[in-house]
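1. fold the stuff below for me.
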Amino acid sequence: MINKALSLRLDLYFFILFVAIALLMRFTANPAPSIVAFEFAGSLDGVDALFRQWGPEGQALARRSLYLDFLFILAYTVFLALLCFRAYRWSLHRWLPYSLIAAIAALQFVAGLLDVGENLCLLRLLDGSRAEWLAPTARWLASIKFSFVGIGIVAIITGRVAALSSPNGR
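-> Numbering: from 1, shown residues only. Model prediction:
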């Protein structure tokens, strides 16, 4: 088990990394419409419509955003997994088995792998591939990824709210 001081440092480190990369992506690589619209385009027609809106400059920003996202994946998966375990220590240990929290934490890493697959599909589309399966695959991977991340966030918020509403208010 990781000692408390090291655990807090890891949480802080990955939180800072998470915020730094998110800000970097937001201010240096954010095409309009957003990259999320690209993730959910779902078809070559949808992708073509986005590419027309973006033009060459927006496509270059999308590519940069996808490459930065590989760093962001590392930051958010580790950060959310650590927070899942912290939520368990805050209060969830009273209601949920450790194995369930470990599974929810593991889902964050699965979400990261899905995100990598999604990014690879989107990069192939940006490279000019006309493979019909790329856009729907990216959409499915993104949908599952966001579901897994959402499960982790719900566990974290539930653990924190329960801890704050407990008599000792940890």
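2. lowest-pLDDT helix or strand in the chain?
-> Lowest on mean pLDDT, DSSP states H and E among the helices and strands of the chain sits helix 4-28, with a mean of 68.
3. helices or strands up against the helix or strand just after that one?
-> Of the helices and strands lying after helix 4-28 in sequence (DSSP states H and E), the nearest is helix 35-39. If you count contacts as 3 or more Cβ pairs under 8 Å, 6 or more residues apart in numbering; DSSP states H and E, helix 35-39 packs onto helix 44-90, helix 98-126, helix 134-164. C-betas here are computed from N, CA, C, even on glycine.
4. with mean neighbour count and mean pLDDT added, can I get these in CSV?
-> Converted to CSV, the helices and strands packed on helix 35-39 look like this (neighbours: other Cβ atoms under 10 Å; pLDDT from 0 to 100):
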stretch, mean neighbour count, mean pLDDT
helix 44-90, 18, 93
helix 98-126, 19, 97
helix 134-164, 18, 94
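5. can I get those in CSV with distance to Ala22?
-> As requested, the helices and strands packed on helix 35-39 are arranged in CSV below (distance: least, Cβ to Cβ, whole Å):
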stretch, distance to Ala22
helix 44-90, 7
helix 98-126, 14
helix 134-164, 14
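6. among those, which comes closest to Phe15?
-> The closest of the helices and strands packed on helix 35-39 to Phe15 is helix 44-90. By Cβ to Cβ, the value is 6.0 Å.
7. give me the angle between the closest one and helix 98-126.
-> Between the axes of helix 44-90 and helix 98-126, defined by axes from the mean of the first three to the mean of the last three Cα atoms, to 10 degrees, the angle is 160 degrees.
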